[in-house]
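Participant: Below: sequence and its predicted model.
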Amino acid sequence: MIEASGGDTAVLLHGWTGSPAHLWPLGQALAAGGISSIAPLLAGHGTSEAHMARTGWRDWVASALQATATAPGDRRHLVGLSMGGLIAILIAAVDDVATITTINTPQKVFSRSARFAGMYRGSARIRVAPDPDPYPEETAQFARQYRDVPIGTVAELTDLIRAANRALPRVTAPALVIQSKADQTVRPASAQVIYDRLGSRDKKLRWLRGSRHVATLDRERDLIHLLVSQHIRPST
């Protein structure tokens with residue numbers, strides 16, 4: 001947990017095969033503005049791809065629910081990167097949170113394997129992924145995630161996408177949707193789907209221009225910090 005002096009706490013939710021480290025710079029930036037944060041490690045992550053292959057989307061959501069329920073502070077805010085945004089949507093649909101922010105959260109993806117995910121459901125196979133492009137030197141230390149993909153969990157991710165889509169109209173908290181047009185994992189059209197289906201009256205859609213999927217570590221991270229901080233505390 002990164003503690004600050006105010007009564008606001010942001011629950012920072014990482015993405016599929018990712019880690020809380022992807023959100024560490026954001027947590028530090030929020031703390032500088034008086035906003036505390038916690039970034040739970042979701043089930044199956046931070047150990048091994050083989051371990052993750054034995055988990056499913058309900059396990060990932062349960063991890064986040066527990067962290068949200070125990071988050072300190074007077075006002076709780078959900079900030080989700082990629083899959084973390086899907087989980088934030090599900091929680092915000094049933095919990096009284098102050099705000100919700102999604103960052104590069106999928107409704108449509110580029111992956112061809114996602115189209116046939118049901119064929120691999122429950123598989124223990126690990127697919128070797130290509131080496132990722134390096135992130136800027138100042139954030140490269142936070143680029144911690146599984147290199148390879150537990151292929152059986154792709155079906156779980158697509159199930160989670162559908163569950164979040166169904167939950168969107170029940171989300172009423174003020175919402176911020178951030179999406180990079182250069183995202184090569186999530187189709188940018190996802191952001192418009194999320195924005196249009198959100199039940200929130202107070203909602204904003206903000207575009208990034210040059211960031212990759214893990215935008216919290218990329219060139220526009222300072223803009224993300226500003227947008228999220230202003231969303232949580234509009235008067236600042």
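Facilitator: Good, I have the coordinates.
Participant: can we go C-alpha only for contacts and neighbour counts from here?
Facilitator: Will do.
Participant: List the single closest residue to the residue positioned nearest the centre of the chain in space, sequence neighbours excluded.
Facilitator: Geometric centre of the chain, nearest residue: residue 81, 2.1 Å, by C-alpha atoms, centre = their mean. Leaving aside its chain neighbours, residue 81 sits nearest to residue 103 (4.7 Å; criterion: C-alpha to C-alpha, 6 or more residues apart in numbering).
Participant: Just read off the phi/psi values of the residue nearest to residue 5 when sequence neighbours are not counted.
Facilitator: Of all residues not flanking residue 5 in the chain, residue 34 sits nearest, at 5.4 Å (C-alpha to C-alpha, 6+ apart). When read as degrees, to the nearest 10, the backbone of residue 34 gives phi 90, psi 20.
Participant: How about the contacts made by residue 34?
Facilitator: Going by C-alpha atoms under 8 Å, 6 or more residues apart in numbering, residue 34 touches 4, 5, 6, 8.
Participant: before we move on, back to that, ok, now which ones touch the residue nearest to the centre of the chain?
Facilitator: With contact set as C-alpha under 8 Å, 6+ apart, residue 81 has these partners: 12, 13, 14, 15, 102, 103, 104, 105, 214.
Participant: hmm, 10 Å instead?
Facilitator: 12-16, 18, 20, 22-23, 87-88, 101-106, 178, 213-216 (C-alpha atoms under 10 Å, 6 or more residues apart in numbering).
Participant: Rank the helices and strands of the protein by mean pLDDT and give me the bottom one.
Facilitator: strand 126-127 (a mean of 84; mean pLDDT, DSSP states H and E).
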